[in-house]
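# sequence unknown, structure follows:
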């Protein structure tokens, strides 16, 4: 029997299962409020949690370098709060009504409340770090949050442009996604107490950066190989919002002029007819967009694992490497 997605996640979750379980309790406590509206929204957010990938990676990095559990838990909670805040704000910007199979905060409570809720989560993240004196981690995550904002702005700047090249796309996804993975992994290494130097810190940061890039590329691949119901979010949203991603960029680079002209029309006019999106998907698949993007994600996954080659062997280091494999291969059941 083929392992399920849950079975595969357990491989990199089990070494830090204790931390992940405590994290859920901490998140509930931290997000509890005497203000009923905040309490309602926080319960809604926690009803269908994600995989907690970023804190999971932080916990593994911390354990593999001999880190102190309490500091790792506070940092992991801060990372997850920052990530959740960015998702809430992204849903406002993109007008998304569904995430993880349920209404977004934006859809359920509206623009203003969702904006304030995202700000609330950011403030809780940095307050928790400040109150526990984790100032170096606060600096790392503040820098990452700034980079994420710049990445989102770069995405806005590039919206409506069909001729984005791969280098600009990689810059954008580093900012909006990979920077927080890099910061999470770096925070774990900094928490470590076994005389970690800059080289170790850079190794973990490089690991996080590369799996973050791979994560976003595979996330963008889902648009072209899956359907809404299977992945818990709307497909085609980037394209219909005037944004192109690596699968499309690759196909557009490879396609003949006549095909480019047709998809350019669909891009600028919008996907309106029933068969329009199917035509775009066929275009991306026919001109190498899926295959190239999957290979690029795998290449980045291998690069991430190479970053940890100088780290002492441990169960946690192996789990990090498996997480890199999981991230790069998670699209395979949809692409078969």
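That came in fine, so what should we check first? Remember, it's a predicted structure, so these values are computed and weren't measured experimentally.

# center of the chain, which residue is that?
Compute the mean C-alpha point of the chain, and by Cα atoms, centre = their mean the closest residue is residue 177, 5.1 Å away.

# nearest residue to residue 89 other than its sequence neighbours?
Ranked by Cβ to Cβ, 6 or more residues apart in numbering and with sequence neighbours excluded, the top spatial neighbour of residue 89 is residue 118, at 4.5 Å. Backbone N, C-alpha and C define where each C-beta goes, glycine included.

# residue 77 versus the one you found, what's the distance?
16 Å (Cβ to Cβ, to the nearest Å).

# give me the mean pLDDT for the host helix or strand of residue 316.
Mapping residue 316 onto the secondary structure by DSSP states H and E places it in helix 315-329. Looking at helix 315-329 alone, the average pLDDT works out to 96.

# name the helices or strands packed onto that helix?
Counting contacts by 3 or more Cβ pairs under 8 Å, 6 or more residues apart in numbering; DSSP states H and E, helix 315-329 packs against helix 5-13, helix 53-64, helix 198-225, helix 289-307.

# run the last query once more with 10 Å
Using 3 or more Cβ pairs under 10 Å, 6 or more residues apart in numbering; DSSP states H and E as the contact criterion, the secondary-structure elements in contact with helix 315-329 are helix 5-13, helix 53-64, helix 179-191, helix 198-225, helix 289-307.

# can I get those helices in a markdown table with mean pLDDT?
Supplementary listing: these in a markdown table, determined by pLDDT from 0 to 100:
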| stretch | mean pLDDT |
| --- | --- |
| helix 5-13 | 93 |
| helix 53-64 | 97 |
| helix 179-191 | 97 |
| helix 198-225 | 94 |
| helix 289-307 | 97 |
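
# tell me which of those helices sits nearest to residue 172.
Relative to residue 172, the nearest member of the helices and strands packed on helix 315-329 by Cβ to Cβ is helix 198-225, separated by 9.0 Å.

# going by neighbour count, list what's buried in the closest one.
200-201, 203-225 (16 or more other Cβ atoms under 10 Å).

# for residue 252, give its distance to residue 31.
Relative to residue 31, residue 252 is positioned 43 Å away (Cβ to Cβ).

# my bad, should have said residue 257
With distances taken as Cβ to Cβ, residue 257 is found 53 Å from residue 31.

# out of these two, which sits in the more crowded spot?
In this comparison of residue 257 against residue 31, neighbours counted by other Cβ atoms under 10 Å, the higher total goes to residue 31 at 20 against 7.

# next up, the contacts around the residue nearest to the more buried one when sequence neighbours are not counted.
In space, and not counting its chain neighbours, residue 31 is closest to residue 42: 3.7 Å by Cβ to Cβ, 6+ apart. If you count contacts by Cβ atoms under 10 Å, 6 or more residues apart in numbering, residue 42 has them with 27, 28, 30, 31, 32, 33, 84, 105, 117, 120, 121, 124.

# does residue 42 lie in a helix or a strand, and which?
For residue 42, the host element (DSSP H and E) is helix 36-47.

# quick one: that helix to chain centroid distance?
Per Cα atoms, centre = their mean, to the nearest Å, the displacement of helix 36-47 from the mean C-alpha position of its chain is 22 Å.

# and that helix, what's its mean pLDDT?
Per-region confidence: helix 36-47 scores 93 on mean pLDDT.

# and it, what's buried?
By 16+ other Cβ under 10 Å, the buried positions in helix 36-47 come out as 38, 41, 42, 44, 45.

# which of those residues sits closest to residue 146?
Within the buried residues of helix 36-47, proximity to residue 146 (Cβ to Cβ) peaks at residue 45, which comes in at 23.8 Å.

# looking at it, that closest one is touching residue 91, isn't it?
No - assessed by Cβ atoms under 10 Å, residue 45 is found out of contact with residue 91, at 11.4 Å.

# mind listing the shared neighbours of these two?
Looking at what touches both residue 45 and residue 91 (by Cβ under 10 Å, 6+ apart), the common residues are 99, 104, 105.

# would you reformat these as CSV and include neighbour count, distance to residue 241 and secondary structure?
As requested, the shared contacts of residue 45 and residue 91 are exported to CSV (neighbours: other Cβ atoms under 10 Å; distance: Cβ to Cβ, whole Å; DSSP: H, G, I helix; E, B strand; the rest coil):
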residue, neighbour count, distance to residue 241, secondary structure
99, 21, 15, strand
104, 23, 15, coil
105, 24, 19, helix
